[in-house]
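J.: sequence below, structure please.
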Amino acid sequence: MSVLQAPPAKMPPNEIPGSILKTRSVVHADGLPSQLHSETSGEACCAMHQFLKENPPECAIEIGMAYGFSSLAILTALEENNRGRLISVDPYPPGFDHVRQSALLAIDNAGLSHRHAHVHAESELALPRLFNEGVRPDFVYIDRYHGFDHAFVDFFFADKLLPVGGTITFDDSRWRSVPRVIRDLLKHGHYQELNVGLQRSFASAHLINNACRRIRNRFGPSRYFRRTEDWKPPSSFYRNF
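T.: Modelled structure (predicted):
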């Protein structure tokens, strides 16, 4: 497992994500504040910002934008690198357009809109379209629906988009369904897991009887995997996972 520098203790040097983390609130397009109820953790955003500073992408895709907290971490790294763009894929179902407006407003207030595009569509529809358009991201962040079917489909298309050397990141990797997708990736795909400073040691995990719970506690909120080979399995290939 590759070891990268541990993430910084604070959010990236941009006052907008720092303010969101401190106040636990965002501002809607009408100027009224609202408490966060769904976001990538500050710890995971710090690690992602650090990783993208050390591994500058020309193109990044995030699946699931919500209030734009992860978007700000990615875009801040791109701006500091003076290169790259971010495509955020999130359909924002009816009744959640205020969340989309809050995210886009925060990105605009941070001065990062010039590196950002939002695709207002379901990921299972948007990702094949991006593939057909020739988009090949160096970094894909998966953080939308966490049921096995949606997470697996997001990984399937991300794997198609990603070139050798690119990285896939799963947020909420300790949810029950996401590790199953990761098991498939490790069994069938040619990926190397990266340590970005979020892993937990067994010694620090709570001593409980359930071995699966101990394994889940070993990992942090996000897990990173770098594609090592463009491997195409035979049509009848299968391996238990």
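J.: name the nearest residue to the residue nearest the centre of the chain, ignoring sequence neighbours.
T.: The geometric centre of the chain, computed from its C-alpha atoms, lies nearest to Y141 (CA atoms, centre = their mean), at 2.6 Å. Nearest residue to Y141, sequence neighbours excluded (CB to CB, 6 or more residues apart in numbering): E62, at 4.2 Å. (Glycine included, C-beta is placed from N, CA and C.)
J.: beta partners for that neighbour?
T.: S88, Y141 (DSSP bridges).
J.: and if you look at I168?
T.: Residues in beta-bridge contact with I168 (DSSP bridges): V140, F225.
J.: can you list the low-confidence ranges for the protein?
T.: 1-41, 199-220, 241 (pLDDT under 70).
J.: helices along this structure, start to end?
T.: 15-23, 42-54, 69-81, 97-109, 123-132, 148-161, 178-188, 211-218 (DSSP state H).
J.: and the second one, what does it pack against?
T.: Packed against helix 42-54 by the contact rule (3 or more CB pairs under 8 Å, 6 or more residues apart in numbering; DSSP states H and E) you find helix 15-23, helix 69-81, strand 167-171, strand 222-227.
J.: quick check: which of these is nearest to S123?
T.: strand 167-171 (13.4 Å; CB to CB).
J.: now do the closest one: everything it contacts.
T.: The contact list for strand 167-171, computed with CB atoms under 8 Å, 6 or more residues apart in numbering, reads 40, 44, 48, 51, 55, 64, 70, 138-143, 151, 155, 158-159, 162, 178, 181-182, 185, 191, 194, 221-227.
J.: got the angle for that strand vs strand 222-227?
T.: 160 degrees (axes from the mean of the first three to the mean of the last three CA atoms, to 10 degrees).
J.: D159 contacts H188, correct?
T.: No. Assessed by CB atoms under 8 Å, D159 is found out of contact with H188, at 9.4 Å.
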